[in-house]
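> return atomic coordinates for the entry below.
(2 chains)
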Amino acid sequence: MDKNIVNSFFITTPIYYVNARPHLGHAYTTIVADCMARFNRLMGRDTFFLTGTDEHGEKIVQAAEKNGQDPQTFVDGVSALFQGLLPVLNAANDAFVRTTDSRHKQVVQKILQKVYDSGDIYFGEYGGHYCYGCERFYTEKELEDGLCPQHKTKPEYIAEKNYFFRMSKYQGWLKQYILDNPDFIRPERYKNEVLSLLESGALEDLCISRPKSRLSWGIELPFDRNFVCYVWFDALLNYISALDWPDGEHFKKYWPGAQHLVAKDILKPHAVFWPTMLRAAGLEPYRNLNVHGYWLVRDTKMSKSLGNVVDPLSMIDRYGVDSFRYYLMREMHFGSDASFTEESFITRLNADLANDLGNLMSRVLSMNARYFGSIAPSPKLITEVDQELVNFACESMARFQRLFDGVCFSVALESLWALVRGLNKYVDGAAPWTLYKNGDMDRLSTVMHLLLNALYKIAVHVWPVMPQTAQTMLEQLGMGHLAGAGPKGALGVNLAEELESWNNVRPGTRVAASSALFPRVDAKPKEETARRPAGADKKSAAKVATGAEKGAEKGAEKGAGSRAEKDHSGQTEKGPIAFADFQKLDLRVGTILEASRHPNADKLLCFKIDLGEAAPRQILSGIAQYFAPEELVGRQVVVVANLPPRVIRGLESQGMILTADRADGIELLSVSGPVGAGAAVS
RNA sequence: CGCGGGAUGGAGCAGUAUGGUAGCUCGUCGGGCUCAUAACCCGAAGGCCACAGGUUCAAAUCCUGUUCCCGCAACCA
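Take a look at the predicted model:
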């Protein structure tokens, strides 16, 4: 199959795991996918845009229980939230797949059976040597003299039989395939990461089942009713089940042009598991895996403490969905991380959208109204300056198209905006107001004709990112008939052909007399300025910034929640408890006698604390990044004294030091005056 | 020596697969214009492209080493 003749385009988002509500990360992935889908439609490619929800697994069962619902009801509810986000983002998907769809289940079972029949799924033992201290399994190799390398204790052998996919078998093939297809995984840094992953460690086989006794909310294995499918063989297959594999028309038409879009946290499943699964099932690999980074959002705690919660998604209500889409596409260099701030959002909105584009549209339409009664004039003599403008426009558009195709959205938009600025410059150079004053109507016609047509070019190119704006522009340019005239609601335009013609807004066309696409936003977000201490010197200001970023890491929003990943939203809701429960806590004040770094862990400090007992207690605490051990000696802290001892990284901890969170760090809980060691807290 | 990413004018980022005058936006300063959303246009200041070696006629770009940041993984009782 010659890839160059493929003229279909199939773009997917990951299916979002329904244990969390939609956030910025989901929104970004969805918007990028939508922009790509729209762009490809305009390029004349037969396009299919798929998104959906991932609905099986243990966490779902738990979450449903907590809500007092059965899993299916729970899942229906959250999935609806994700579906509801699509119109808000103005995402025009062609299908929405759910892993609880019966069609999906059938496909999963069919593929499982197929791979099983071909011998690439086998029944084996899962886990093995389980160390309770580490809460993990060890392989024979990792054990030292049969003991846990951390705790030097004998781990318990836990046998759980499970089914495995013979993934290791395809390691060599995959590596070669990636080398032979340099843009298979892009941007390049992620390709390198996958390659090094394949080179460094031997690829292990993939456990693909869970016994029903432990997990019932999943798809049954067709060859063993006692097991359900675990995570990836279920989730990844949505990409083909939604296309009606194996015989569906959609599958035949779109699979050859398949492109996946994911956040970097699920690189491995998509770059390694998925291609090998496809290979094992006898299917062609997808065409490209496009990997993006995270949006770093300032810690929400920080905003809350200022009484001003800033939810990125609320920007849509505040500033409009098109600005939001533009900001995300323009601000993040695809593949890298970027930070989301209202401040930079407003800067972009004002500079690029209001000042450059909106104002350009406004001044051109307004002049044309004044000079030609809002009728598009006809071109007369094309001068050298005019020709230069046209050439520049064509270069910019061609560059935009090439870059957008290559997933470099921000640079692509930058290129288009070079044209926008070029047009503003052209206006100044041509000075239509002077021409008008001098009665040079021929020249004036030519200039205005070029401007109107250039605006048309901008409008159609901007459509993938800002559909509403593009439509408004086209309507104002008298070209409203193009909106929705293309396949599946796209513009009736072929972008590739736009590079050749230059007479779309025909002389005689009635255009609008004025335009206000993007009103300027003057208000600076208050909390941005309030946050910086006024008299802070450089050093401490830098620290504040670092602290803010630290917090931001926690708030980093991934595009693609996956079941395999840990649930970081550990905020359990705390209902009322009985007073008796509170009384069970043995809280005491202790004096820190010694403090040192844990020899074998980055985040842990090791303390000797006097609780008024015969011997001081050894207590570990994960606060090494906030405090130097020396500065803590002698301090009095509040300790939970009746927790069971626990070994962490090889050292036993006999209690817990209490701390309070702050935006840029933490503080130790202490007492307002000295008390005796071991004083009870009540 | 766990894996990986990064260091480019005040801020945020391109540029690094194919070495050849250091580019963009914001910000600052000066000027211009008046059609426009106090917008637009022009000009200026501001960079030994983290550091040190090496290859080369030529290095932000290639090679080696170093420092500092940041993710992920392991621990946060």
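
> ok, A:Gln103 - contacts?
Gln isn't right for residue A:103; it's Arg. A:Ser241, A:Asp244 (Cβ atoms under 8 Å, 6 or more residues apart in numbering). All C-beta spots, glycine's among them, are computed from the backbone N, C-alpha and C.

> got the domain ranges for chain A?
Using automatic domain parsing, the domains assigned to chain A come out as A:3-292, A:341-500, A:532-668.

> name the element A:Ile11 belongs to?
Per DSSP states H and E, A:Ile11 falls inside strand A:8-17.

> any chance of the domains of chain A in TSV with distance to A:Val511 as columns?
Written out in TSV, the entries for these read as follows (distance: least, Cβ to Cβ, whole Å):
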stretch	distance to A:Val511
domain A:3-292	22
domain A:341-500	5
domain A:532-668	40
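
> so which of the ones you listed gets nearest A:Ala680?
Taking Cβ to Cβ as the measure, the domains of chain A were each checked against A:Ala680, and domain A:532-668 came out nearest at 5.7 Å.

> now the closest one: average pLDDT?
Rounded to a whole number, the mean pLDDT of domain A:532-668 is 67.

> for the closest residue to A:Arg41 other than its chain neighbours, give me its contacts.
Spatial nearest neighbour of A:Arg41, chain neighbours left out: A:Ala490 (4.1 Å); criterion: Cβ to Cβ, 6 or more residues apart in numbering. By Cβ under 8 Å, 6+ apart, A:Ala490 lies in contact with A:Arg38, A:Arg41, A:Leu42, A:Trp463, A:Gly484.

> of those, grab the buried ones for PyMOL.
Buried members of those, defined by 16 or more other Cβ atoms under 10 Å, are picked up in PyMOL with:
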select buried, chain A and resi 38+41+42+463
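
> follow-up on the earlier one: closest one to A:Val521 among the domains of chain A?
Shortest distance between A:Val521 and the domains of chain A, using Cβ to Cβ, is found for domain A:341-500: 5.2 Å.

> where does the stretch 101-250 of chain A get nearest to RNA strand B, which residue?
Proximity of the stretch 101-250 of chain A to RNA strand B (Cβ to the nearest atom of the strand) peaks at A:Ser196, 3.9 Å away.

> please, which helix or strand holds that residue?
Following DSSP H and E, the helix or strand that holds A:Ser196 is helix A:188-200.

> by contact count, what packs against that helix?
Contacts of helix A:188-200 with other secondary structure elements, assessed using 3 or more Cβ pairs under 8 Å, 6 or more residues apart in numbering; DSSP states H and E, are made with helix A:171-180, helix A:267-268.

> need the helices for the stretch 551-682 of chain A, in chain order.
Counting by DSSP state H, counting those that start in this stretch, the segments of the stretch 551-682 of chain A that form helices are A:579-583.

> look through it and state the residue closest to RNA strand B.
A:Gly622 (1.8 Å).

> so who does that residue touch?
For A:Gly622, the residues meeting the contact criterion (Cβ under 8 Å, 6+ apart) are A:Lys603, A:Leu604, A:Leu605.

> hmm, back to that, what's the angle from the helix holding A:Ser196 to helix A:171-180?
An angle of 150 degrees separates the directions of helix A:188-200 and helix A:171-180 when computed by axes from the mean of the first three to the mean of the last three Cα atoms, to 10 degrees.

> neighbouring strands - and their directions - for the following helix or strand past helix A:188-200?
Stepping forward along the backbone from helix A:188-200, the first helix or strand reached (DSSP H and E) is strand A:206-207. Strand pairing for strand A:206-207, determined by DSSP bridges: strand A:156-165 (antiparallel).

> ok, and for the partner strand, which residues are buried?
Along strand A:156-165, the positions that meet the burial threshold by neighbour count (16+ other Cβ under 10 Å) are A:Glu160, A:Asn162, A:Tyr163, A:Phe164, A:Phe165.

> spatially nearest residue to A:Ile219 (excluding sequence neighbours)?
Counting by Cβ to Cβ, 6+ apart, A:Ile219 lies nearest to A:Cys229, which is 4.5 Å off, once chain neighbours are set aside.

> surely the one you found meets A:Leu221?
Yes - the pair A:Cys229 and A:Leu221 qualifies as a contact (Cβ atoms under 8 Å) at a distance of 6.2 Å.

> give me the common contacts of these two.
With Cβ under 8 Å, 6+ apart as the test, A:Cys229 and A:Leu221 both reach A:Leu112, A:Ser209.

> where does the prediction get shaky in the stretch 101-250 of chain A?
Judged against pLDDT under 70, the low-scoring parts of the stretch 101-250 of chain A cover residues A:126-158, A:200-202.

> show me where it has strands.
Under the criterion DSSP state E, counting those that start in this stretch, the stretch 101-250 of chain A contains strands at A:121-131, A:136-138, A:156-165, A:185-186, A:206-207, A:209-211, A:220-221, A:224-229.

> any idea how far A:Ala91 is from A:Phe340?
19 Å (Cβ to Cβ, to the nearest Å).

> ok, back up a step: among the contacts of A:Gly622, name the ones in strands.
By the criterion of DSSP state E, membership of the contacts of A:Gly622 in strands covers A:Leu605.

> of the contacts of A:Gly622, buried ones?
Under a neighbour-count criterion of 16+ other Cβ under 10 Å, the subset of the contacts of A:Gly622 counted as buried comprises A:Leu604, A:Leu605.

> closest one of the contacts of A:Gly622 to A:Ala431?
Sorting these by how near they are to A:Ala431, with Cβ to Cβ, puts A:Lys603 at the top with 64.4 Å.

> residue contacts, A:Arg325?
Residues near A:Arg325 by Cβ under 8 Å, 6+ apart: A:Ile31, A:Cys35, A:Leu89, A:Asn90, A:Val465, A:Met466.

> so how far is RNA strand B from the fourth one?
Meaning A:Asn90. A:Asn90 is 19 Å from RNA strand B, where distance means Cβ to the nearest atom of the strand, to the nearest Å.

> list the contacts for that residue?
For A:Asn90, the contacting residues are A:Asp34, A:Val321, A:Asp322, A:Arg325, A:Pro467, A:Gln468, by Cβ under 8 Å, 6+ apart.

> can you lay out these as CSV showing pLDDT?
Written out in CSV, the entries for these read as follows (pLDDT from 0 to 100):
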residue, pLDDT
A:Asp34, 97
A:Val321, 96
A:Asp322, 97
A:Arg325, 96
A:Pro467, 97
A:Gln468, 97
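
> who wins on neighbours among those residues?
A:Arg325 (26 neighbours; other Cβ atoms under 10 Å).

> what helix or strand is it on?
With secondary structure defined by DSSP H and E, A:Arg325 is part of helix A:321-331.
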